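Participant: sequence isn't available, so here's the structure alone:
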């Protein structure tokens with residue numbers, strides 16, 4: 001009777017820990033995507049272009065620099 005209770009408790013603990021991790025940090029495999037700062041930088045650049053803070057020539061030049069300096073994925 002005690003062994004099935006221990007297995008059930010272990011299962012509940014594992015599911016709880018995985019659920020917390022999922023809610024607070026997203027799925028574990030998304031950590032690599034979140035670590036890419038160039039995606040956030042491109043978003044900020046696009047927002048500045050949309051607001052009219054920079055013109056198209058400056059937007060494209062800065063975007064090219066961001067993409068050229070992007071770290072390799074892998």
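Facilitator: Yes, it's here. Please read these numbers as outputs of a predicted model, since none were measured by experiment.
Participant: quick check: domain ranges of the protein?
Facilitator: Annotated domains of the chain cover 1-30, 36-74 [automatic domain parsing].
Participant: by mean pLDDT, point me to the weakest helix or strand of this protein.
Facilitator: Least confident helix or strand of the chain, by mean pLDDT, DSSP states H and E, is helix 31-34 with a mean of 55.
Participant: count of residues packed around residue 43?
Facilitator: 10 (other C-beta atoms under 10 Å). Using the backbone N, CA and C atoms, a C-beta is placed for each residue, glycine as well.
Participant: can you give me the helices in the chain?
Facilitator: Using DSSP state H, the helices of the chain run over residues 2-25, 31-34, 37-51, 56-68.
Participant: ramachandran angles for residue 69?
Facilitator: phi -100, psi 10 (degrees, to the nearest 10).
Participant: what's the pLDDT at it?
Facilitator: Per-residue confidence (pLDDT) for residue 69: 79.
Participant: tell me how far it lies from residue 63.
Facilitator: 11 Å (C-beta to C-beta, to the nearest Å).
Participant: one more: residue 50?
Facilitator: 13 Å.
Participant: do residue 51 as well
Facilitator: For residue 51 relative to residue 63 (C-beta to C-beta), the value is 16 Å.
Participant: out of those two, which sits in the busier spot?
Facilitator: A side-by-side neighbour count of residue 51 and residue 63, using other C-beta under 10 Å, places residue 63 first with 15 against 8.
Participant: which ones are touching the spatially closest residue to the more buried one that is not a sequence neighbour?
Facilitator: Leaving aside its chain neighbours, residue 63 sits nearest to residue 45 (6.1 Å; criterion: C-beta to C-beta, 6 or more residues apart in numbering). Residue 45 makes contacts with 54, 59, 62-63, 66, as judged by C-beta atoms under 8 Å, 6 or more residues apart in numbering.
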